[in-house]
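Colleague: Fold the following, please.
(2 chains)
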Amino acid sequence: MTPTIEAAGLRKRFGKTVALDGLDLVAEPGQVLAVLGPNGAGKTTFVRTVATLLRPDAGELRVAGHDVRRQPGAVRRVIGLAGQYAAVEPAMTGRENLRLVARLFGQDGRAARVSSDRVLELLGLTGAADRLARTYSGGMRRKLDLGASLVGAPRLLLLDEPTTGLDPRSRIELWDAIGALVGAGTDVLLTTQYLDEADHLASRVVIIDHGRVVAAGTPSELKQRAGRNVIEVHTRDRADLARAAAGLAGLDHDQPQIEEATRRVRVAVAAGTDPLRDALGALDAAGVAVEDISLRPPTLDEVFLALTGQGLEPAAETTAGHPAA
Amino acid sequence: MASIFAPTATRPSAGLAASTLGIARRGLLKFLRTPQLVVVGTVQSALFLLIFRYVFGGAIGAGGLDYVDFLVPGFITTGLLFAGMGAAAGVAEDLEQGFVDRLRSLPIPRSAVLAGRAVADTTLLVWSLAITGAVGFAVGFRLHGGLADALAAFGLLLVFGFAFEWMFLTLGLFAGTAQAAQGLALMVFPLTFVSSAYVPVSSMPGWMQAFAEHQPVTVMVDAVRVLTQGRAAELLLGHGAGFYVVRSLAWSAAILAVFVPLAVAGYRRD
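Modeller: Below you'll find the model as predicted:
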């Protein structure tokens, strides 16, 4: 079957900044592909290139078999784009916004009415359908924007950081909506800096950094590739942190990391549950009062760190996987 | 539900006319449903007309014409440019907020996006021409030519407005942000004030006259003036209606020839 997206050696620069530096990527049909990376990694540039909004400087890019440079019209017929902004018209109602886009997709009046109503229902916006979009909350606007990318029944949905800036509840609602679409057979290309988002939505994750792919696989494959479980200890007293770290240091060759702010010590360990028993013994011997302790697979942030030697969000390392938004 | 979202291999796309109309309708609704735009725009132009008519009017001599008859054609014509400042800010805002990206990702002719905007803004000019025309009549402006000539003047104004619209679309597309667009749009001040719109060009210093005489706004204003004021305006300005109409249409064509390709290039650029 024709891959949904096929990128080979894709390059794009803006002045002196190299946004895409030989990006290679294949997305098979039936996948939700998450492109994960820090700010400036080239995620948005890649989505805009797939959406035919940017022309690559070099390399090949095919969307559903169509070359983005030579057949942009054919590409636009198979994609639906929801960008980082809620690109809806505030002075039109939700229903009018969707019908406008449906008509631009070439649907006649009746078809546009039907598909708009279906999308409103799917996104839970039927009750607000006849209110002007300027009265919507931020989360509702994003949903409407997502809806606008859906009324044309695209084969490939492009979502550029769809939940950036949303409150946690709106994020989860939007995730549910995206999940429902995937169930109905739409392929999705999603960019995010949120690890839990990629983990939650994607069947395949591509990690990019400085415009090139640094790792790719299913979320669990990537975690396995980083290879090791993590033991995380939450101490009752800040004063115990150093002693806890010293106790855990004997477990494995990995150096424990202390997080003062949250009174936590983390250490990577071998597979299995033995290290947990050993850790409890070591902490006990060191006389550390433990608030709680956990054994878990690494988060994507830790995977990213292991693969690139650099955290995803420098300022937010202490809250890995739990974006402040 | 699955049926409607089941991906389709090929989808039809909307033609140029349908896309242009859809996008134009959005532009019209945006204006009509934003009371600030309607009220502020209307009050502002009425206010300035009153100020020129009654505050400056007494001090300005307009040859053989009453100042109000001299002023209103100039005021209405330059109003097209002031309205255009809003178009520049509007298109820049659409760029900033991702609306243009959404449209560019759709399978529609790319020219439809700009054409739709130009059609909407030109349609809205009918509204602002009607308002300033009505205020003009209320403060003493009268037609001294035929009705056919007046209608021709109205048609010309729409042509000028359409031409300037593309100039402002270009500004907005290259400015990038609404604020920058508004800043760039300040260039309307030399074009409007250093023209025959509010005062006779002969009252300006020589170097300034050279510019005022040869820029498009002056010719456009004078075309409207001669069509609405007839003989008295011809005597004052030195030429008949045909002279100004042909020249103003040539200017409009030239503006379109320069700015339509520029706007399209601005829209296409990465």
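
Colleague: which residues touch stretch A:54-64?
Modeller: A:2-13, A:20, A:22-23, A:45, A:48-50, A:67-69, A:74-75, A:78-79, A:155-156, B:270 (CB atoms under 8 Å, 6 or more residues apart in numbering or on different chains). The C-beta positions use only the backbone N, C-alpha and C, and glycine is treated the same way.

Colleague: Which positions in the stretch 51-200 of chain B make contact with chain A?
Modeller: Contact residues (CB under 8 Å from any CB of the partner chain) of the stretch 51-200 of chain B with chain A: B:97-99, B:101-108.

Colleague: Okay, buried residues for the helix or strand containing residue B:257 please.
Modeller: Counting by DSSP states H and E, the element that carries residue B:257 is helix B:241-268. Buried positions in helix B:241-268, judged by neighbour count with 16 or more other CB atoms under 10 Å in any protein chain shown: B:241, B:243-245, B:247-249, B:251-252, B:255-256, B:259-260, B:262-264, B:266-267.

Colleague: Check stretch B:93-111 too.
Modeller: In stretch B:93-111, counting by 16+ other CB under 10 Å, buried: B:93-110.

Colleague: low pLDDT regions in chain A?
Modeller: Within chain A, the segments meeting pLDDT under 70 span A:226-227, A:253, A:310-325.

Colleague: And the strands in it?
Modeller: Along chain A, the stretches classed as strands by DSSP state E are A:5-14, A:17-27, A:32-36, A:58-63, A:66-67, A:79-82, A:156-160, A:187-192, A:204-209, A:212-217, A:229-235, A:257-259, A:264-269, A:290-296.

Colleague: Can you lay out those strands as TSV showing mean neighbour count?
Modeller: As requested, those are arranged in TSV below (neighbours: other CB atoms under 10 Å in any protein chain shown):
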stretch	mean neighbour count
strand A:5-14	18
strand A:17-27	19
strand A:32-36	27
strand A:58-63	19
strand A:66-67	17
strand A:79-82	28
strand A:156-160	25
strand A:187-192	26
strand A:204-209	24
strand A:212-217	18
strand A:229-235	21
strand A:257-259	16
strand A:264-269	22
strand A:290-296	13
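
Colleague: The strand or helix carrying residue B:76 packs against which elements?
Modeller: Assessed by DSSP H and E, residue B:76 sits inside helix B:67-96. Other elements packing on helix B:67-96 under the criterion 3 or more CB pairs under 8 Å, 6 or more residues apart in numbering or on different chains; DSSP states H and E are helix B:35-51, helix B:111-138, helix B:147-175, helix B:178-184, helix B:188-193, helix B:216-229.

Colleague: Residue A:23 bridge partners, please.
Modeller: Note on residue A:23: beta-bridge partners by DSSP bridges are residue A:10.

Colleague: quick one: contacts for it?
Modeller: The contact partners of residue A:23, taken as CB under 8 Å, 6+ apart, are A:7, A:9-11, A:42, A:46, A:59, A:208, A:211-213.

Colleague: what's the average pLDDT for stretch B:233-248?
Modeller: Throughout stretch B:233-248, pLDDT has a mean value of 88.

Colleague: and it, how far apart are its ends?
Modeller: For stretch B:233-248, the first-to-last residue distance is 16 Å (CA to CA, to the nearest Å).
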